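Participant: Whatever this is, show me its structure:
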Amino acid sequence: MPHTETSKHGPLHGLRVLDLTRILAGPTCTQLLGDLGADIIKIEKPEAGDDTRKWGPPYVKGDNGKDTSESAYYLSSNRNKRSVAIDIAHPKGQKLIRNLIKHCDILIENFKVGDMDRYGLSYAKLSGDFPKLIYCSITGFGQTGPYANRPGYDFLAQAMGGLMSITGDPAGAPTKVGVAVADLMCGMYASVAVLAALHHRNTYHQGQYIDLGLFDTQVAWLANVGLNYLVSQQIPKRMGNEHPNIVPYTVMPCQDGYFVLAVGNDQQFQQFCKVAKTTLADDPRFTTNSNRVKNRELLYPLLRDITNQHPQKFWVDHLTAANVPCSPVNDIPQVFADPQIMARNMKISMNYPLAASKKVDLIGNPINMSQTPVTYRYAPPQLGAHSQEVLQNMLGLSQAEITDLYHQKIIG
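Facilitator: Presented below is the predicted three-dimensional model:
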């Protein structure tokens, strides 16, 4: 079913989330919940807002080609949210937050350890009044342990969590992944945890506290490489584009560039050799994956000599026809022009009044559900765009009360 802006419901329709997060891990989680139908109330500091609003260029271009206030980075993780600017450092702002919690199911925050307690908004200070509240804290290192009070960013998690030690050229420096993947994965873990807690609450009528750290989640998805070490006690090394347990599985050169060859079993290697018109599959050093892994330094130079004989299109077309996993190495424009990505609605367009075109392109949500598809209801909001709407409709504040809060700079 195609994604549309006009769909009325998602699977989380009727759920309300108070979002006190910024940067990427938290906003990734709340954007996903919003795409699935939850009403996301994004709480931001008046006049400042989410740090990522200023993480540019590039910024959305407005009239006359001038930069607007909204960066592409901010747009990447703040769809389907309503922005309410409240100063939670002020007692009146804290009171507003507590009143909003009365109407919310979930609170997600990523302040430094101890900050929410100082504001009177920690789980310990809220759970008595709101026993069904699901409260998720996302920090760099979690709420406990010797590093709990340290600030945490994606780059630090990738470095400390071992990812950079296994990423990049073996002869080069440790390398981070090209997107903030530790943040993104932490956001995904947070989404799973929140939904699990929601199921528990629906069953037992009981909220709970969720404690997530970037460092923990980074280590959790070291996956097979982490297990390779735990089983063998051999320290994994950077292998560039090669795979520690599968050969051939890497970027291969060709006449006009590169392509990816991802042979996952012996039958696929035999099929590759048929396409390549080589007898390497009959060589006892290479007949099985285990032997190919052991003899990778012998095999790869032979394969490169072969793949250099034809252009990329030859290999992608012929290997795909032979059911051998392979692909071109696309740049970002090629990704969004790919017919598969277009067919799967992975680029969407939403109304956006700041942009000169009054539209903004965003990356779509990959979840496809037959009965409750994701919905796109709100483009990433301007700072405080929904303050009055939310405070009037949810809390019943009068126009005079709202105006007074504006003048005191408690809201924005």
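
Participant: in this structure, which spans are strands?
Facilitator: For the chain, applying DSSP state E gives strands covering 16-20, 39-44, 59-61, 67-71, 81-85, 106-109, 134-139, 208-213, 249-254, 257-262, 326-328, 347-351, 359-363.

Participant: Quick one: neighbours of Ala157, just the number.
Facilitator: 29 (other C-beta atoms under 10 Å). Using the backbone N, CA and C atoms, a C-beta is placed for each residue, glycine as well.

Participant: How much space separates it from Asn99?
Facilitator: 35 Å (C-beta to C-beta, to the nearest Å).

Participant: same deal with Ser349?
Facilitator: Taken as C-beta to C-beta, the span from Ser349 to Asn99 is 36 Å.

Participant: now do Ala220
Facilitator: Applying C-beta to C-beta to Ala220 and Asn99 gives a distance of 36 Å.

Participant: residues touching Ala124, list them.
Facilitator: Asp117 (C-beta atoms under 8 Å, 6 or more residues apart in numbering).

Participant: okay, it: pLDDT?
Facilitator: On pLDDT, Ala124 comes in at 97.

Participant: again with the one 5 residues further on
Facilitator: At Asp129, the pLDDT value in this model is 98.

Participant: residues contacting it?
Facilitator: Taking C-beta under 8 Å, 6+ apart, we find Asp129 in contact with Arg98.

Participant: at 7 Å what do you get?
Facilitator: Shown in contact with Asp129 (C-beta atoms under 7 Å, 6 or more residues apart in numbering): no residues.

Participant: Not counting its own residues, what contacts the longest helix along the chain?
Facilitator: For the chain, the helix with the greatest residue count under DSSP state H is helix 181-204. By C-beta under 7 Å, 6+ apart, the surrounding residues in contact with helix 181-204 are 24-26, 28-29, 32-33, 106, 108, 132, 134, 136, 138, 154, 157-158, 161, 206-208, 210, 212, 214, 217-218, 221.

Participant: how close does the closest residue to Leu383 other than its chain neighbours sit to Gln31?
Facilitator: Distances taken as C-beta to C-beta, 6 or more residues apart in numbering place Gly49 nearest to Leu383, at 4.0 Å, with adjacent residues excluded. Here the distance between Gly49 and Gln31 works out to 16 Å (C-beta to C-beta).

Participant: residues of the longest helix of the chain that come out buried?
Facilitator: 181-191, 193-195, 197-198, 201 (16 or more other C-beta atoms under 10 Å).

Participant: Alpha carbons only: can I get stretch 250-260 in PDB?
Facilitator: Output of stretch 250-260 as PDB, limited to C-alpha atoms (Å, rounded to 0.1, in the frame of the first residue of the first chain):
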ATOM      1  CA  THR A 250      33.900  -7.600  -0.900                       C
ATOM      2  CA  VAL A 251      34.100  -4.700  -3.300                       C
ATOM      3  CA  MET A 252      35.600  -5.900  -6.600                       C
ATOM      4  CA  PRO A 253      37.200  -3.800  -9.300                       C
ATOM      5  CA  CYS A 254      36.000  -3.800 -12.900                       C
ATOM      6  CA  GLN A 255      36.800  -2.000 -16.100                       C
ATOM      7  CA  ASP A 256      34.800   1.100 -15.300                       C
ATOM      8  CA  GLY A 257      34.800   1.200 -11.500                       C
ATOM      9  CA  TYR A 258      33.600  -1.200  -8.800                       C
ATOM     10  CA  PHE A 259      30.800  -3.600  -7.900                       C
ATOM     11  CA  VAL A 260      30.000  -5.600  -4.700                       C
END
